[in-house]
Structures are given as structure tokens and as C-alpha cells.
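1. Generate coordinates for the sequence data below:
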Amino acid sequence: MAAAFGHVLSGSGHELSDLDHAPRHPWVCFCQMVPVAVTRASAPYRAGLASALRLGGFEPVEPDDLQTWAEGIDRAAVLVVIEEDRDWSTLEELASAKPTVVALIPDHGIYAYLRALVAGARGVVNADTSPELIVHVLQAAIAGETVLPIEAARQLANLARKEPLSPSPLTPEEVALLRQLAEGLPLKEMADSLHVSDRTLRRRLQSLYLKLGAANRSQAIVQATRLGLID
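-> Predicted coordinates:
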């Protein structure tokens with residue numbers, strides 16, 4: 001299992017996501033002028049990342065056709081922002097091309113880290129963390145290293161020993177969502193009952209599925225029933 005995930009750097013006893021600023025690292029000397037594309041991010045998010053990327057020795061780019069660009073360039077990187085189910089497919093497609101791919105996941109759940117690594121990401125980091133830490137994880141990925149929070153590394157070690165992973169705790173709102181899923185309510189009806197948009201509901205469900213290690217509604221219901229979260 002260790003070979004599958006590469007070398008894990010866990011810092012000095014801290015969760016990497018808790019660091020305010022990632023240190024300047026000698027990896028940067030290998031990353032000069034490497035073009036980096038970012039998927040599906042808002043303009044303000046891109047701007048914040050672009051500044052940190054330039055300081056880290058990268059060149060932010062916005063290709064018209066990301067997949068074609070990724071397949072035709074020898075040395076590049078892509079930051080894949082995971083927001084919806086289709087983003088996981090994008091991650092897999094890009095990981096099969098030439099660039100170094102880092103996944104920016106929506107939460108800290110171990111299943112999200114594991115799913116991203118299995119999909120082919122060379123680095124995984126929470127999307128809401130600092131731009132400096134995202135660049136740090138990208139620098140490591142290009143250098144052949146994988147930076148993970150300590151807790152994620154520990155749970156992956158448990159998996160290697162064939163010990164069961166502990167699902168991330170669910171909020172009362174997420175348990176209520178599970179019950180609606182089990183009742184077979186359409187997504188539109190669920191969104192209306194929660195007074196949220198369809199897009200917001202899908203993001204909440206994606207986070208819920210990741211916590212349960214599920215890929216869809218059916219798997220989430222099975223897992224929740226197994227864990228005793230619903231009858």
C-alpha cells in the first residue's frame with residue numbers, strides 16, 4: 001500500500017491544513033515556469049491561486065480545451081476542483097494524460113482523499129485551505145511526493161493493515177438528508193423542502209457521499225443502513 005501512495009510527508013506533528021503558510025521548499029527549483037491550469041474555479045478563487053502559483057515558480061494558464069491541452073503538453077500541472085460528481089470523471093481523464101494532477105477536495109474526509117488518489121491524483125488538498133499550501137502540495141506532487149494531513153496518513157495506514165476505516169461523523173442535517181434519500185424523494189422535492197437550489201443540494205449530497213464512501217444514492221443508503229444511521 002505504501003508504494004501505491006508514494007512517500008507521505010506529514011509535517012511536524014500538525015495537520016497540514018492547519019498551517020497558515022507552507023514553507024518555501026527546495027522543490028520549487030524543479031518547478032520553474034511549469035504551466036498550471038485550474039478547473040471550474042470562480043474568478044476570485046483563480047486570482048488568489050494565480051498569485052501564489054507565480055510566487056511558487058508556476059505559470060497560471062487558461063486553455064480553451066483543457067483535455068486537448070493536457071494531452072499535448074509534456075510538462076504541466078492541473079488543479080482539479082471537486083464540486084460535483086462529474087468533476088471526479090474530469091479528474092480521472094486528466095490523470096490519464098501527461099500533466100501532474102492535484103485534486104482540490106470539498107472536505108477533509110478520508111474517503112475523499114482515498115478516492116482522489118485512486119482516481120490518479122498525485123496530490124490532494126482541501127479546496128478551502130490557503131493558496132500557499134495548495135502550491136506546496138503541487139510542488140511536492142511534481143517532485144514525486146504526496147503531502148497528506150497526519151490523520152489521513154494514519155487512516156490510510158489502517159487500510160493497509162486491513163483495519164476498517166471510521167466514517168466521518170455526520171451532522172444532524174446530513175442524517176436528515178439520508179432519511180429523505182431513503183424515502184425515495186426526488187432531488188427537486190428535497191431541494192424545495194430545504195429551501196436551497198438544486199446545485200447547493202447536489203454539493204451537500206456529494207459531501208455526504210464522500211463521508212460515507214459512496215458513489216451514489218443507493219450506495220449511501222446501504223452504507224447508512226449498515227452503520228445504523230437509518231432504519
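
2. I figured Gly57 hits Val36, correct?
-> No: contact criterion Cβ atoms under 8 Å: Gly57 and Val36 do not qualify, at 10.1 Å. Placement of C-beta: from N, CA and C, glycine included.

3. The two: who's more crowded?
-> Neighbours were counted for Gly57 and for Val36 using other Cβ atoms under 10 Å; Val36 has more, 24 against 17.

4. so what's His195 up against?
-> Contacts for His195 (Cβ atoms under 8 Å, 6 or more residues apart in numbering) come out as none.

5. so how far is Pro149 from it?
-> Going from His195 to Pro149 by Cβ to Cβ, to the nearest Å gives 34 Å.

6. Give me the phi and psi for Val125.
-> phi -150, psi 150 (degrees, to the nearest 10).

7. Tell me what it is bridged to.
-> Val125 forms beta bridges with Leu104, as assigned by DSSP bridges.

8. How about the contacts made by it?
-> Residues near Val125 by Cβ under 8 Å, 6+ apart: 16-17, 102-105, 133-134, 137, 147.

9. change it to 10 Å
-> 16-17, 22, 79, 102-105, 108, 113, 116, 133-138, 140-141, 147-149 (Cβ atoms under 10 Å, 6 or more residues apart in numbering).

10. Using ChimeraX, make a named selection holding only the buried ones among the residues you listed.
-> Per 16 or more other Cβ atoms under 10 Å, the buried members of those correspond to this ChimeraX selection:
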select :16,22,79,102,103,104,105,108,113,116,133,134,135,136,137,138,140,141,147,148,149
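
11. Tell me the helix or strand right after the biggest helix by length in the chain.
-> Counting residues, the longest helix found in the chain (DSSP state H) is helix 198-212. Note on helix 198-212: by DSSP states H and E, the next helix or strand toward the C-terminus is helix 217-226.
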